[in-house]
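> only geometry, no sequence info:
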C-alpha cells in the first residue's frame, strides 16, 4: 500500500560544506539550537493584513519581500522561536476554545503565507476534546503519560518591546498625556502613557511591542513530544493534506512546546530604508466596542506595521512567538528502519544558509513512499539570512537544514 502523493521540495547537499557539530544517528535527525532566556523569532509573507480591524500601515520597505517575511527574517535573529506577523487569526471555523485562548502546548499546525499559525489539532487531548472534535487523523492517539503542569512560565511586563537587534530600533520616549491624548482606562500608565515613540538609523530591522505585557511558557518534557511526533508524523501529514486540504509541504508542520502570548501587540519591519528615516508611534485608542483598549501605529515612516488585540474575549490569546518542533518526513524510499535521535548544537548558522541565488525552494517534486519514517528538526532560534521568498513555501532557516539532513542519512 502506498501513501498518497505529497508535494515536497528537494534538498541540496552542497549547502553545508563548512558545517560542523552535526549529530545524525539512523533515519531521525535533530538539531538543537540553544536560545536566550527571552528574546523572539517567527515568519511568513503577507500582502495585506488586518486583525481587530487594524490595517497594516505601509510606507517604505523592500519590494522583494512581503512584510511578514521581512519581519520574520529580522526577528529570527532574536533566537526566541518563530515570530508571527499575525499573532491571532480571525477564523470563525476554529474551535471556540482555540479562539478564546489561542495557541496551546501540543498544537499541530502550519505557518500561513500571511504569517499566522493555522491550527489543525492538539496532541495533548483526546479526539472528543473541544479542541479536537472533528479535526484529528483517523486512528488518532494523543500523547500519554506526560505532566501538563510541568512548564516554565515567565511574565512579560507591560510596555515590553523587542527590536530585532539592540542597536536597530530605539525608544525615543513615552508620549505624555494631554487634552488631545487623555488617559485611556486599561492602558498601563507608567509604561505606555499616551503611546510609545520609536526611531531607527538602521537601514533594516523589526520591532515587536507588547503594551500590556504577556506570558512566556515552555513545556519541560520535550523528549516526550519528540518521540510522539516521530511515531505519528506521516499520518499527520496525510491528514493535513488529504483530509484538511492544506498545502503542507515537507517541514511545514509544527508541534508547539512553547510560546509567547499577549492580549495586545504591534509589529513593524523595514528594509532598504534611508538612514534616519525610520520613525513610528504606537499609541492606544478607545475600543469601538467599549471594551479593553486597542492600539495602532498612527505614524509609521519608512516601515510597514500591523497591530491587534483580543478585544472579543480579553485574553492573552495572541501568539507572537512559537517554539517547538518542525516535522519532516524522509524523501527517500531506501533507508534503515531503525531510529535513534541525537541533538546538535553550536551550529555556525551563517554558513548553513543558502545565498540568494539558491532556487531549490521553487522546485516541486512528488513523494510516493512506503513506509515513511519521520525526521524532525527542533525549531529553536536560527538566525535568518536572505533566501528567495516563495509563493508556496514559508521561509524558515530550519527548512534548509531539514532538507539537507533528510537527504544525507549517513
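Received the coordinates, thanks. These numbers were taken from a predicted model, which means no experiment stands behind them.
> separation between residue 171 and residue 117?
28 Å (Cβ to Cβ, to the nearest Å). For every residue, glycine as well, the C-beta is placed using N, CA and C.
> what do you get for residue 163?
23 Å.
> what about the helices in the chain?
67-75, 96-101, 189-192, 222-238, 349-352, 397-407 (DSSP state H).
> pLDDT-wise, which helix or strand of the chain ranks last?
Lowest on mean pLDDT, DSSP states H and E among the helices and strands of the chain sits strand 365-367, with a mean of 27.
> any weak-confidence spans in the stretch 1-150 of the chain?
Scanning the stretch 1-150 of the chain with the threshold set as pLDDT under 70 gives 1-65.
> show me where it has its strands.
Under the criterion DSSP state E, counting those that start in this stretch, strands of the stretch 1-150 of the chain are mapped to 6-8, 24-25, 28-29, 57-58, 82-83, 107-111, 117-122.
> now swap in the stretch 151-300 of the chain and tell me
Under DSSP E, counting those that start in this stretch, the stretch 151-300 of the chain gives strands at 151-156, 160-163, 170-174, 196-200, 205-210, 214-219, 253-262, 264-270, 278-285, 294-301.
> for residue 296, find the nearest of the helices of the chain.
The closest of those to residue 296 is helix 189-192. By Cβ to Cβ, the value is 12.9 Å.
> on that earlier part again, who's more crowded, residue 171 and residue 117?
Comparing residue 171 with residue 117 by other Cβ atoms under 10 Å, the one with more neighbours is residue 117, at 25 against 14.
> for stretch 212-231, list every residue counted as buried.
Buried residues in stretch 212-231, defined by neighbour count with 16 or more other Cβ atoms under 10 Å: 212-214, 216-219, 221-222, 224-226, 228-230.
> farthest-apart pair in those residues, please.
Pairwise over the buried residues of stretch 212-231, using Cβ to Cβ, the maximum falls at 212 and 230, 38.3 Å.
> quick revisit: ok, which of the strands of the stretch 151-300 of the chain comes nearest residue 130?
Closest to residue 130 of those is strand 253-262 (Cβ to Cβ; 17.5 Å).
> and the closest one, what does it pack onto?
Contacts defined by 3 or more Cβ pairs under 8 Å, 6 or more residues apart in numbering; DSSP states H and E place strand 253-262 against strand 107-111, strand 214-219, helix 222-238, strand 318-329.
> so residue 214 sits right up against residue 320, yeah?
Yes. With contact defined as Cβ atoms under 8 Å, residue 214 counts as touching residue 320 (7.2 Å).
> and for these two, which residues touch both?
260, 261, 262 (Cβ atoms under 8 Å, 6 or more residues apart in numbering).
> what separation do you get for the residue nearest to the second one when sequence neighbours are not counted and residue 94?
The one in question is residue 261. What sits nearest to residue 261 in space, not counting adjacent residues and going by Cβ to Cβ, 6 or more residues apart in numbering, is residue 316, at 4.7 Å. In this view, residue 316 and residue 94 are 17 Å apart by Cβ to Cβ.
> give me the more crowded residue out of the two.
Taking neighbours as other Cβ under 10 Å, residue 316 and residue 94 compare with residue 316 leading, 20 against 16.
> contacting residues for that one?
Residue 316 sits next to 102, 214, 215, 261, 262, 263, 310 when contact means Cβ under 8 Å, 6+ apart.
> which of those sit farthest apart?
Greatest spatial distance among these (Cβ to Cβ): 215 and 310, at 13.1 Å.
> you'd agree residue 124 is up against residue 143?
Yes. Counting by Cβ under 8 Å, residue 124 touches residue 143, with 5.6 Å between them.
> now for the two: what residues contact both?
By Cβ under 8 Å, 6+ apart, the residues touching both residue 124 and residue 143 are residue 106.
> looking at the helices and strands packed on strand 253-262, spot the one closest to residue 156.
Taking the helices and strands packed on strand 253-262 one by one with Cβ to Cβ, strand 214-219 is closest: 4.3 Å.
> what mean pLDDT does that closest one have?
Mean per-residue pLDDT for strand 214-219: 98.
> all further residue positions should be reported with the first residue as 35.
Renumbered: residue one is now 35, and that last one reads strand 248-253.
> if we can go back for a sec, how about the helices and strands packed on strand 287-296 in TSV, adding distance to residue 120?
Output for the helices and strands packed on strand 287-296, formatted as TSV (distance: least, Cβ to Cβ, whole Å):
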stretch	distance to residue 120
strand 141-145	10
strand 248-253	16
helix 256-272	23
strand 352-363	9
